[in-house]
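Pasted the sequence and its predicted model underneath.
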Amino acid sequence: MSYVLHCRRILAAVAKYCYKQLTSVGVKAVMPTSGFYIFPDFEILKPAFDRRGIETCTQMCEALFEETNVAVMAGGPAFLRPTHEFTVRLCYINFDGARALVGSEKFGVDEPLTDAFLHEYCLPVVEGIQAIKKWVVDHLEMKKPK
């Protein structure tokens, strides 16, 4: 039972981090309640995408990967979303789960897992989310051509 408890709390902490970081820059998302995916909507970047000629979610995913080295899956059509909608499936398990499990056990079940825990045990996810966040901010700051 301890194994399941620790796995759940690690994934819940990572989900909360991803949700808070992405929504802090205007990306829409629903807080995941289970699993290891979040399904953010980058519609806020549509004006910047229009200026760049990005018309589909697949094109957005390709640009995101080329510019940040972070891979996500387009919401459409694979996940039954329209291809012109800028939703993605983002998996947040790119970290050493065995190491994070040991770290969670050291904290004990009564102590909440902090952002410091995530930086120590789930760093690839933290770095990926920060790269996406910077990419979003950079796009929001793009000036319209004169």
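That came in fine, so what should we check first? Numbering: from 1, shown residues only.

Please count neighbours and contacts with C-alpha atoms only from this point.
Will do.

Give me the longest helix you can find in this structure.
What stands out as the longest helix in the chain, according to DSSP state H, is helix 2-23.

other SSEs contacting the helix or strand following it?
Where DSSP states H and E defines the elements, the next helix or strand beyond helix 2-23 is strand 37-38. Judged by 3 or more Cα pairs under 8 Å, 6 or more residues apart in numbering; DSSP states H and E, strand 37-38 is in contact with helix 2-23, strand 88-91.

low pLDDT regions in this protein?
Segments of the chain classed as low confidence (criterion: pLDDT under 70) are 1, 143-146.

quick one on the thing from earlier: out of the helices and strands packed on strand 37-38, indicate the one that is most buried.
Comparing the helices and strands packed on strand 37-38 by mean neighbour count (mean count of other Cα atoms under 10 Å), strand 88-91 comes out on top with a mean of 20.

Partner strands of it and their direction?
strand 37-38 (antiparallel), strand 73-74 (antiparallel) (DSSP bridges).

How about residue 76, nearest residue that isn't a chain neighbour?
Of all residues not flanking residue 76 in the chain, residue 83 sits nearest, at 4.5 Å (Cα to Cα, 6 or more residues apart in numbering).

if I look at that neighbour, how far off is residue 90?
Per Cα to Cα, to the nearest Å, residue 83 is found 16 Å from residue 90.

Same question for residue 141.
23 Å.

With residue 133 instead?
Counting by Cα to Cα, the gap from residue 133 to residue 90 is 13 Å.

Likewise for residue 39?
6 Å.

So residue 88 sits against residue 29, correct?
No. With contact defined as Cα atoms under 8 Å, residue 88 and residue 29 do not form a contacting pair (10.1 Å).

hey, what's in contact with both of those two?
39-41 (Cα atoms under 8 Å, 6 or more residues apart in numbering).

and which of those residues is nearest to residue 128?
Within the shared contacts of residue 88 and residue 29, the smallest distance to residue 128 is 14.0 Å, found for residue 40 (Cα to Cα).
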